[in-house]
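[1] Kindly generate the corresponding structure for this input.
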Amino acid sequence: METNQVVQELKERINQSIIGQEKLTDRLIIGLLADGNILLEGLPGLAKTRAVRSLAKELNTELSRIQFTPDLLPSDITGTEIYQPDSDEKFLFQKGPIFSNLILADEINRAPAKVQSALLEAMEERQISVAGKTHRMAPLFMVLATQNPVEQEGTYPLPEAQMDRFLMKVLIDYPDVNAEKAILRLVREESKRNTANLTNIDTDIIFKAREEIKGIEVSEKAEQYIVDLINATRFPSEYSNKLTEWLAFGASPRGTIALDKCSRVLAWINGRDYITSDDIREVIHDVLRHRLILSYEANADGITPDQVIDELLKTVAI
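    Reported below is the predicted structural model:
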């Protein structure tokens, strides 16, 4: 079976267990194939955790769930060195839960800055340093962090430097009425369903897909469109009065790279060997919404990053 067909099967399997959240599934697959980390934002009970568990189950990979709390310590995540008096090597490194394939960082905004920053090196460099020694992550490694958008008390907003390390920020909303009915039926039938005969999807397929995605063509015009979109967030006065009023700071070069990566993955998923402007426009909200810093005026008027990106797409020529 071709690599693309296997990935499509993976999407279908996950969609069967998290009805009504097809966009969430799409973004999880894009993040996985782009070798990036994802921030999931939504109210409790909208299948964020279930989606990650379903992905780990279908790929038969290790999953670590870390519940972030105000009293969590960095060593609770990374691990620490344990003194072993009877051993030749006096200090033995005890790995923390971050040494896994999929890391579910639940309610990441409930942990203080030191704990949040403990994820930075692992997310960016795929390694951590403890007591002067470097420990590498597994080849298949992905952080999926969740946060509640309405919870304010006892939370610590993620700093811009850490937000920028997430490939995408995905907003999750309520399912529609028909999907809600299907969810009820699914939960009733789930205990009766026999999934023992379902075979897991080989994780090697992810690495094969990543190699194929490297060959996706990006034309000079598509490349220019990506650069123009990012440039408009940095120098809005050259493009639109609204953008000038709404934007304080634009996206970093990580935003440019992320937009290119996600567009290529989407093109590959759709069975093409080249990207189009539609691919770029499809993923730009998820790629940029956490990378834009809005002005005081925009915040006062209740303008959202998605509205700014909508204006961006209207203003920048294809």
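
[2] burial measure for residue 104, as a count.
    Residues within reach of residue 104, counting by other C-beta atoms under 10 Å, total 25. Yep, even glycine has a C-beta here, placed from its N, CA and C like the rest.

[3] Surely it is in contact with residue 62?
    No. Look at residue 104 against residue 62 with C-beta atoms under 8 Å: they stay out of range, at 11.3 Å.

[4] residues in contact with the longest helix along the chain?
    Scanning the chain for the helix with the most residues, using DSSP state H, yields helix 253-269. Applying C-beta atoms under 8 Å, 6 or more residues apart in numbering, the external contacts of helix 253-269 come out as 4, 7-8, 26, 29-30, 33-34, 36, 164-165, 167-168, 209, 212-213, 216, 218, 222-223, 226-227, 229-230, 233, 273-276, 279-280, 282-284, 286-288, 291.

[5] Measure how buried residue 52 is and give me the count.
    For residue 52, the count of nearby residues is 26 (other C-beta under 10 Å).

[6] Please list all residues in contact with it.
    Neighbours of residue 52 in contact, by C-beta under 8 Å, 6+ apart: 28, 63, 102, 104, 144.

[7] List the residues that contact the residue nearest the centre of the chain.
    Centroid-nearest residue in the chain, with C-alpha atoms, centre = their mean: residue 38, separated by 1.1 Å. Shown in contact with residue 38 (C-beta under 8 Å, 6+ apart): 27-28, 31, 142-145, 166-170.

[8] Surely residue 309 and residue 287 touch.
    No. At 9.2 Å, residue 309 does not count as touching residue 287 under the criterion of C-beta under 8 Å.

[9] Between these two, tell me which one has more neighbours.
    Each of residue 309 and residue 287 has its neighbours counted (other C-beta under 10 Å); residue 287 has more, 30 against 20.

[10] if I look at that one, how far off is residue 201?
    26 Å (C-beta to C-beta, to the nearest Å).

[11] Okay, now the unreliable bits of the stretch 51-200 of the chain?
    88, 151-154, 191-198 (pLDDT under 70).

[12] would you list every one of the helices in it?
    For the stretch 51-200 of the chain, applying DSSP state H, counting those that start in this stretch gives helices covering 74-78, 113-125, 160-163, 177-190.

[13] Residue 12: neighbouring residues, count only.
    Using other C-beta under 10 Å, residue 12 has 11 neighbouring residues.

[14] Next, it: secondary structure please.
    helix (DSSP: H, G, I helix; E, B strand; the rest coil).

[15] Please parse the protein into its domains.
    Per the record, the chain has its domains at 3-189, 215-315, by automatic domain parsing.

[16] I'd like to know which of these lies nearest to residue 205.
    For the domains of the chain, proximity to residue 205 was assessed by C-beta to C-beta; domain 3-189 is nearest, at 4.8 Å.

[17] For the contacts of residue 52, give me a markdown table that also has distance to residue 42.
    Shown next, in a markdown table, are those (distance: C-beta to C-beta, whole Å):
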| residue | distance to residue 42 |
| --- | --- |
| 28 | 13 |
| 63 | 19 |
| 102 | 18 |
| 104 | 14 |
| 144 | 12 |
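
[18] Among those residues, which pair sits farthest apart?
    By the measure C-beta to C-beta, 28 and 63 form the most distant pair in the contacts of residue 52, at 12.9 Å.
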